[in-house]
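[1] Fold the following and give me the result.
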Amino acid sequence: TVDVTHAGTYTTDFLYTSNRGGTISVDVNGKDATGPLQITTTYDPSDPLAWRQWHHWNLARQLFKVHFNKRKNILTVHIVTNGNMNLAYFDFKPVHK
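    Next up is the predicted model:
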């Protein structure tokens, strides 16, 4: 859940790792809010440890914008293609006009 005290549009940073890249989408309160979002792979074949080759964190700045109402909003993340991802967090910042 995302407890919002000021309704409005927010830009979103996303911290993750991903073996092969892929696509995610985000719903807010049961409705599609983003459509498909391309996630870049974090795979690095030069890392000497196999399990760690794709476990390099990436911060996707301003990956998407979303509108929240003033209340608790339910955020649902869907991994649409590929998978093998670690999702750390979303950081929401209000968009000022």
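[2] Tell me the buried residues in the helix or strand harbouring Phe14?
    Using DSSP states H and E, Phe14 sits in strand 8-18. Within strand 8-18, the residues scored as buried using 16 or more other Cβ atoms under 10 Å are Tyr10, Thr12, Phe14, Tyr16, Thr17, Ser18. All C-beta spots, glycine's among them, are computed from the backbone N, C-alpha and C.
[3] Point out where this structure drops to low pLDDT.
    Within the chain, the segments meeting pLDDT under 70 span 97.
[4] Give me the residue at the spatial middle of it.
    Closest to where the C-alpha atoms of the chain average out (Cα atoms, centre = their mean) is Phe14, at 4.3 Å.
[5] And stretch 16-23, end to end?
    The stretch stretch 16-23 measures 12 Å between its terminal residues, going by Cα to Cα, to the nearest Å.
[6] The residue nearest to the centre of the chain contacts Phe90, correct?
    Yes. With contact defined as Cβ atoms under 8 Å, Phe14 counts as touching Phe90 (5.5 Å).
[7] Done for today, thanks.
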